[in-house]
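> give me a 3D structure for the following:
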Amino acid sequence: MTASGTMLAGIRTFTSDVADGFMELTHSSFALLGLGVACVCITLAARPDLRDQGEEHLRTWLFERHVASVGSPIEPGAVDRATAANPKDLPREQAKVAFWLSKKYRVAPEPIAALVSEAYSIGSRTKLDPTLILAIMAIESSFNPFAQSSVGAQGLMQVMTRVHNDKYDDFGGNHAAFDPVTNMRVGVKVLQECIARAGSLEGGLRYYVGAANLPDDGGYATKVLSEHFRLRQVANGQNVSTTAVTPAPMPTAPKPAASPMLSTKVTTPAAADAPAPVPASAPATTIESEAPAQSSEKVALLGH
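So this is what the prediction gives:
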């Protein structure tokens, strides 16, 4: 055999030995790995507490990795805090009102849909027209749930939180004034008290804006009732422009005599009937009488 043949035979032998050794080592390693996995499975089956701890550590590690990749805390339940609804899921009348308000006041239709739905729910319980409630929110805050006036009226319906703080006790405290739904419920309660005290809707609105003992309310009641009138037209299927300024017919009932009790708030006259934010208002602190609200206002109180 030549020298080159001997060298090639040696190389083949070396390569074969290395391959055989690698296969034996790999086989042994897989066998050890399988044995280890089997031991771990048996241990976890016998010790559920260790299995639970391991799962918890794994979930925590995966969550932390996800937070690190996103760059901010993860809250899968945050959607539950949002005041929003799909306007297409509302009844037809409510959906029309929601889309009209969304367009006029340049706010997203989803939160407006939630507010419209809540207004109709409150209206069915209080016998107030829901479009009246929505009209007050429109004039008071232009649907800004974080609005605050110079005298401290807050939220969608511009309730004087420091005056009516007791009304927020059932909702967790005064900070609930900035929860849209809570502010609506408290605002409607204040409105009911004002109407009962005045004996009429127009008088109640004067109390609500804090102008019961002033020569006039700066046109506040007219603005609210005009917007209410337009919303009723929208709800009834009429095509109403979002820039419409036609005033609503005013109630013919005589105004009640002014009460000697002073309002809780002195305000400047309300701003123009436009989607821009307007100075807010607040009702009186107490109700001296609980006279039932009159129903003569054709466009404001529910007749059904």
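> I'd say residue 95 and residue 112 touch.
No. Using Cβ atoms under 8 Å, residue 95 is not in contact with residue 112; the gap is 10.4 Å. C-betas here are computed from N, CA, C, even on glycine.
> any common contacting residues for those two?
Shared contacts of residue 95 and residue 112 (Cβ atoms under 8 Å, 6 or more residues apart in numbering): residue 87.
> who's more crowded, those two?
residue 112 (26 against 18; other Cβ atoms under 10 Å).
> which helices and strands does the helix or strand that contains residue 17 pack with?
Residue 17 belongs to helix 3-46 when assigned by DSSP states H and E. Here helix 3-46 touches helix 48-70, going by 3 or more Cβ pairs under 8 Å, 6 or more residues apart in numbering; DSSP states H and E.
> next secondary structure element downstream of the helix it packs on?
Criterion used, DSSP H and E; the element after helix 48-70 is helix 92-105.
> check contacts around the nearest residue to residue 96 once chain neighbours are set aside.
Distance criterion Cβ to Cβ, 6 or more residues apart in numbering; nearest residue to residue 96, sequence neighbours excluded, is residue 234 at 5.5 Å. Residues counted as contacts of residue 234 (Cβ under 8 Å, 6+ apart) are 96, 97, 100, 240.
> export these to CSV and append columns for distance to residue 53 and pLDDT.
Formatted as CSV, those follow (distance: Cβ to Cβ, whole Å; pLDDT from 0 to 100):
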residue, distance to residue 53, pLDDT
96, 56, 97
97, 54, 98
100, 57, 98
240, 64, 94
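> quick check, nearest of those to residue 128?
Each of the contacts of residue 234 was scored against residue 128 by Cβ to Cβ, and residue 97 proved nearest at 14.9 Å.
> need the phi and psi values for residue 145.
With angles defined as degrees, to the nearest 10, residue 145 sits at phi -70, psi -10.
> so it touches residue 154, yeah?
No. At 9.3 Å, residue 145 and residue 154 do not qualify as touching, with contact defined as Cβ under 8 Å.
> what is in contact with these two at once?
Both residue 145 and residue 154 are in contact with 178, 183, where contact means Cβ under 8 Å, 6+ apart.
> could I have the CA atoms of stretch 192-206 written out in CSV?
Extracted in CSV, the C-alpha atoms of stretch 192-206 (Å, rounded to 0.1, in the frame of the first residue of the first chain):
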residue,chain,number,x,y,z
GLN,A,192,-85.2,67.6,39.9
GLU,A,193,-84.8,69.5,43.2
CYS,A,194,-84.7,72.9,41.3
ILE,A,195,-87.8,72.1,39.3
ALA,A,196,-89.7,71.0,42.4
ARG,A,197,-88.6,74.2,44.2
ALA,A,198,-89.6,76.5,41.4
GLY,A,199,-92.7,74.7,40.4
SER,A,200,-91.9,74.9,36.7
LEU,A,201,-89.2,73.8,34.3
GLU,A,202,-88.3,77.3,33.3
GLY,A,203,-88.1,78.4,36.9
GLY,A,204,-86.1,75.2,37.7
LEU,A,205,-83.6,76.1,35.0
ARG,A,206,-83.2,79.5,36.5
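> buried stuff in stretch 155-166?
Across stretch 155-166, burial judged by 16 or more other Cβ atoms under 10 Å covers 155, 156, 157, 158, 159, 160, 161, 163, 164.
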